[in-house]
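1. Predicted model, plus sequence, below.
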Amino acid sequence: MPAALALLLALALLFQLLTPVTVDLPDMPMRAMKAPDLRTAESLPASIPPVLAARDIFAPSGSSGGKAGAPGSGAVSLLGVARSGRGGAAVLRGTDGVAVTVPLGGRVGPWRVTGIGAASARIDDGSRSLTLRVGDTAAPAAAEGGE
């Protein structure tokens, strides 16, 4: 049986190769596409429901508990990053507790985004430079104590 099927398959292949093809496909112009330039994007506020904004999604208990990164604490948290070529944007929860998309070179509160990594962002407030990984929080200089 397998030998008969192999012979039948070989005959079908030979028939397909010897049969002329007369199908003409229409010419379709192709246009080049480019990735969006995130370096020129403005900081856009993200729409987050208040019940979700009050909850710290990176805390195991799910509540902020008044720690750094909670709205009104003056801290900045890195929620995520988006990279495109040499540009990119960081999604940060600002000092007012609102999540914003900040392009490379943009500002949120006193912090300026100076670098974007695969899962991190480098921020600078003029007196110090920090590298935050997704989920990290940068406390204000006065609240850091003895680090």
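-> All right, it came through fine.
2. Lowest average confidence across helices and strands of this structure, where is it?
-> Within the chain, confidence by mean pLDDT, DSSP states H and E is lowest for strand 44-45 among all helices and strands, at a mean of 65.
3. Sketch out the helices for this structure, chain order is fine.
-> 2-18, 50-53 (DSSP state H).
4. Deepest-packed of those helices, please.
-> Of all the helices of the chain, helix 50-53 carries the top mean neighbour count, a mean of 10, counting by mean count of other C-beta atoms under 10 Å. Glycine gets a C-beta too; all of them are placed from N, C-alpha and C.
5. picking that back up, columns mean pLDDT on top of the helices of the chain, output as JSON lines?
-> Below are these laid out as JSON lines (pLDDT from 0 to 100):
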{"stretch": "helix 2-18", "mean pLDDT": "94"}
{"stretch": "helix 50-53", "mean pLDDT": "71"}
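6. Which one of those helices lies nearest to I123?
-> Among the helices of the chain, helix 50-53 comes nearest to I123, with 20.6 Å by C-beta to C-beta.
7. Can I get the helices of the chain in CSV including distance to T137?
-> Compiled in CSV, those are given as follows (distance: least, C-beta to C-beta, whole Å):
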stretch, distance to T137
helix 2-18, 64
helix 50-53, 15
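8. K34 is nearest to which of these?
-> Taking C-beta to C-beta, helix 50-53 is the member of those nearest to K34, at 34.1 Å.
9. Look up how far R133 lies from G106.
-> Look at G106 and R133: by C-beta to C-beta, to the nearest Å, they are 19 Å apart.
10. Between those two, which has more neighbouring residues?
-> In this view G106 and R133 are compared by other C-beta atoms under 10 Å, and G106 has more residues nearby, 18 against 12.
11. Tell me how far that one lies from G87.
-> Distance of G106 to G87, given as C-beta to C-beta: 11 Å.
12. now swap in V21 and tell me
-> 46 Å.
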